[in-house]
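J.: Here is a sequence together with a model predicted from it:
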Amino acid sequence: MGFPGTWMTESESMVYRVVPKCACSSIGQIMFYSDHGRYFDGDIHDSTDGLHKWAQEGSQTPIERMVKSHGALTFTCVRNPYARILSSFFDKIAGIQRNGKRYRGNLVPQLMQRYGVDVGSPENDFEFDQIASFRRFLLFARDTIRWRRPMEPDIHWSAMSGHISTFIVNGGRYDQIFFTEKFNEGMQKVLNAAPTPVKLDVNDVPKFNESEGHGPKRAHKVSAYFDDLSRHLIWEIYKKDFQLFKYDFDNPDNKLPKAEVDLDEVHAKLGR
């Protein structure tokens, strides 16, 4: 199985397990800069050299060697599950992708037909009932995760604990897990602990948000999207994420974690 979703600097200073919708564009760019003293020109997800990625055949042997020997600082980043699924909806379902098309081709028409999801269009300025459509999307997301129907779950809304556990089960171990909501602090701690060829201050890093500007803006506060049924579904899908990464299930508007991540607990519970 190896280490899918894993990136490593070419200098082998750090290893990162990507968790989609958790600042992965910024993290990839910072890793690239810490080796080369410049940012990748374009979306870091499109890079094919300058950064080891498990999806690149030539990167698999060095990544595997480094992960199994635990020879480099290893980390990942998590995000509040309420905000993460909302972000997935606005970016992947309601938004237009970088290539000018809808995400995964026929996914949105299928959602409209089967679940009654309406996401508007650039022509009508993305005018639609965001709350009703998001709640219907949430039913679809739950169906994909629970029953793998009408399709396999997508990496952008499958649970963070699932992404993070494959790395542990296959022999990896994390040194740090930090929060998107405290990004600068967490990322700086990683950089301070890793022997990077180029030093950088996270406060100087420009914003890399690849999904910005491709679709509608969220019109309401987070809690407005989640009624009792939605919260029941969220708990069903992301219970482990709330528990392991210390987020506040009871208050969707509290985006901050209630405590630090307990790395021993994460390895014990996700390593089975």
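T.: Structure's in. What do you need?

J.: Show me what the host helix or strand of Ser88 is packed up against.
T.: Using DSSP states H and E, the element containing Ser88 is helix 81-88. Counting contacts by 3 or more C-beta pairs under 8 Å, 6 or more residues apart in numbering; DSSP states H and E, helix 81-88 is packed against helix 130-147, helix 228-245. In this view, the C-beta of every residue, glycine as well, is placed from N, C-alpha and C.

J.: quick one: average confidence on the last one?
T.: If I follow you right, that is helix 228-245. Helix 228-245 carries an average pLDDT of 98.

J.: cool, and stretch 264-272?
T.: For stretch 264-272, mean pLDDT rounds to 96.

J.: just to revisit the earlier point, redo the helices and strands packed on helix 81-88 as TSV? Include mean neighbour count.
T.: TSV is the format used below for the helices and strands packed on helix 81-88 (neighbours: other C-beta atoms under 10 Å):
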stretch	mean neighbour count
helix 130-147	19
helix 228-245	17
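
J.: For Asn254, which of the ones you listed is the nearest?
T.: Closest to Asn254 of those is helix 228-245 (C-beta to C-beta; 11.7 Å).

J.: I'd like to know which of the helices and strands packed on helix 81-88 lies nearest to Tyr39.
T.: Using C-beta to C-beta, the helices and strands packed on helix 81-88 put helix 228-245 closest to Tyr39, at 28.2 Å.

J.: And stretch 42-50, end to end?
T.: Start and end residues of stretch 42-50 are separated by 13 Å (C-alpha to C-alpha, to the nearest Å).

J.: what's next to it, contact-wise?
T.: Contact with stretch 42-50 is made by 10, 24-25, 28-29, 32, 35-36, 40, 51, 53, 56, 98, 208, 210, as judged by C-beta atoms under 8 Å, 6 or more residues apart in numbering.

J.: Out of the helices and strands packed on helix 81-88, flag the one nearest Glu265.
T.: With distances scored as C-beta to C-beta, the stretch of these nearest to Glu265 is helix 228-245 (6.6 Å).

J.: Mind listing residues that contact the closest one?
T.: Residues contacting helix 228-245 (C-beta under 8 Å, 6+ apart): 78, 81-82, 85, 135, 138-139, 141-142, 145-146, 159-161, 177, 179, 226, 247-249, 252, 257, 261-262, 265-266, 269-270.
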